[in-house]
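# Take a look and give me a structure for this.
(2 chains)
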Amino acid sequence: MDSMKEMTKAKYSWWKELVGPLQFVQLSEKILPPLYIITIIVLTVALYLAFRAPIDYQQGITVKIMFIHVPFAWLAMLCYTVMTLSAARTLFSYHLLADAALKTATPIGTVFTVLALITGSLWGKPIWGTWWEWDARLTSMFILLLIYLGIFALSRAFENEETSAAHAAAILTIIGFINIPIIKFSVDWWNTLHQSASILRRGGAAINTSILIPLLINAFAFTLVFVTFHLMAIQNEILRRCVITRQRIAARKLPETDIS
Amino acid sequence: MKELFLRDIRVAFSSGNNLVTNLMFFLAVIITTPLGIGPMSDVLSHISAGIVWIAALLTVLLGLDQLFQTDREEGSLDVMVMGTDLLALALIVFVKCLAHWAGTILPLIIASPFFALLLNMEWAAVGATVISLLLGTPAITFIGAVGAALTITLPRVGVMLSVIVLPLVIPVLIFGVSAVYTLTTGTLTPITPLLFLLALTLFFSVLGPTAAATTFKYMSE
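The predicted structure is shown next:
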């Protein structure tokens, strides 16, 4: 009984140490250099496999766009999910790490959403014959972009009130999460232009393995890219907060100077 | 709660200035659209429901910053936030939303059939537009309450409020307009989009006030 208590205590202190902001910075400084190398290698291999993959008999060479379009779209939603989890943590009890995670994931998610929309548009022109169509999947993805931009604007609008900004952004993020299942199921609920789910569906994937495997490796590679960028950004944000706090402390310590 | 509702209604109507300004803005959006796209009556008649809905949406968005502003300036908002628990506060926000809706949006809906004449709208479409506005616009106010609560401490509220509320109200606009179009084109029954609108309003009548109350609780800490 006592040993179990000790174990949970040890586990808790280990976790506490990990999520302590400065310990996190030290840890991420250790993790990041090998992560850079792994990410670059995996991304190179993934893109090489995407180029080696067979060409679709109907779509021709344009099918290659799919290898980056699908990972971008997945990551746009994954990034939002990460933000929602951070938001829940922020509301449960404020923590600098969760706050930094939400704040820094917003621009990354915005970029992934924009890239998914642009690559989809480039693919849509030769295949569907239009750059843009107000189809259910495209519209819900566009709403996701607007939500990202709204969170981005709101989380940076509060000057010198970091906790207010964190709480406000967290509440908005959680409400906006309604859109994520809508994006996922939009192709099933409204039978419009975008093709329906072909990987995560009943009866297995509807894609040949010669294309599916490079696609999954690409998805993994871009997830690594996301993790790397996100870690770097969280680290920067925490350091920035440390600098601000120290500046405030230093300003308080300054002797009263005669302004006149 | 009844007293609060009546008080807010009185505040909304006592400054008649606000009401007239809202109606003027609503009318301005409706008359600038035909001038912008050209006065072709068949085109106008086809897109009229959309114009009325967009005009209503923009007017509501611009008026949202007034939702808690008066209470904040005179300090009664702080009393409400401090003196009540989360659920009671959510109920207060709910009542304030209803009063705000009755004070600013209901007059627009009543006036919309007259403005619809300017757009060469069919009578059936006018009826459908009024019903869809009645069912759908409360949802905009309930979502807007979250935006108004989130931005209440910010210096320049207007644009920020619209930016964060707009993506969340797009579904209301889509179902509101499609209710009118299904009726006028006669392809499907308009009951389905109307039920969706009602569902959105009921859903956000719970989520909006609760989230706004949560926001106030966090911001007052």
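
# interface residues of the stretch 151-260 of chain A facing chain B?
A:151, A:153-154, A:157-158, A:161, A:163-164, A:167-168, A:171-172, A:174-176, A:179 (Cβ under 8 Å from any Cβ of the partner chain). All C-beta atoms are positioned from the backbone trio N, CA, C, and that covers glycine.

# can we see that at 10 Å?
For the stretch 151-260 of chain A, the residues in contact with chain B (Cβ under 10 Å from any Cβ of the partner chain) are A:151-154, A:157-159, A:161, A:163-164, A:166-172, A:174-176, A:178-179, A:182.

# Drop the exposed ones from those and show what's left.
A:151-154, A:157-158, A:164, A:166-172, A:174-176, A:179, A:182 (16 or more other Cβ atoms under 10 Å in any protein chain shown).

# circling back: tell me which of the residues of the stretch 151-260 of chain A next to chain B fall in helices.
Among these, the members found in helices (DSSP state H) are A:151-154, A:163-164, A:166-172, A:174-176, A:179, A:182.

# Spatially central residue in chain A, please.
Nearest to the mean C-alpha position of chain A, by Cα atoms, centre = their mean, lies A:C79 at 2.3 Å.

# ranges for the helices of chain B?
Using DSSP H, helices in chain B cover B:2-14, B:16-37, B:41-63, B:66-74, B:76-83, B:86-100, B:106-118, B:123-150, B:158-185, B:191-220.

# Let me know which of those is the nearest to A:G20.
helix B:191-220 (23.4 Å; Cβ to Cβ).

# Show me what counts as buried in the closest one.
B:193-194, B:196-197, B:200-201, B:204-205, B:207-219.

# now do stretch A:178-192
A:N179, A:I180, A:I182, A:I183, A:S186, A:V187.

# State the pLDDT value of the residue nearest to the centre of chain A.
At A:C79, the model reports a pLDDT of 95.

# can you tell me which helix or strand it belongs to?
Element membership of A:C79, judged by DSSP states H and E, is helix A:66-92.

# what angle separates the helix or strand following that helix from helix A:66-92?
Next helix or strand after helix A:66-92 toward the C-terminus (DSSP H and E): helix A:96-128. Angle, helix A:96-128 to helix A:66-92, by axes from the mean of the first three to the mean of the last three Cα atoms, to 10 degrees: 150 degrees.

# Quick check: residues of the stretch 1-150 of chain A near chain B?
Counting by Cβ under 10 Å from any Cβ, the stretch 1-150 of chain A sits next to chain B at A:90-91, A:94, A:134, A:136, A:139-140, A:142-150.

# Tell me the buried residues within those residues.
Neighbour-count burial (16+ other Cβ under 10 Å) applied to the residues of the stretch 1-150 of chain A next to chain B gives A:90-91, A:94, A:136, A:139-140, A:142-150.

# Which neighbouring elements make contact with the longest helix seen in chain A?
If you go by DSSP H, chain A has its longest helix at helix A:209-253. Other helices and strands packing on helix A:209-253, by 3 or more Cβ pairs under 10 Å, 6 or more residues apart in numbering or on different chains; DSSP states H and E, are helix A:21-52, helix A:66-92, helix A:96-128, helix A:162-176.

# Establish whether stretch B:90-103 and chain A are in contact.
No: taking Cβ under 10 Å from any Cβ as the criterion, stretch B:90-103 and chain A are apart, separated by no less than 13.3 Å.

# Export that stretch to CSV, keeping only CA atoms.
C-alpha atoms of stretch B:90-103 as CSV (Å, rounded to 0.1, in the frame of the first residue of the first chain):
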residue,chain,number,x,y,z
ALA,B,90,-26.3,31.7,-17.3
LEU,B,91,-30.0,32.2,-16.7
ILE,B,92,-29.5,36.0,-16.4
VAL,B,93,-27.5,36.0,-19.6
PHE,B,94,-30.3,34.0,-21.3
VAL,B,95,-32.9,36.5,-20.2
LYS,B,96,-30.7,39.4,-21.3
CYS,B,97,-30.3,37.8,-24.7
LEU,B,98,-34.1,37.4,-25.1
ALA,B,99,-34.6,41.0,-24.1
HIS,B,100,-31.9,42.1,-26.5
TRP,B,101,-33.4,40.1,-29.3
ALA,B,102,-36.9,41.5,-28.6
GLY,B,103,-35.5,45.0,-28.4
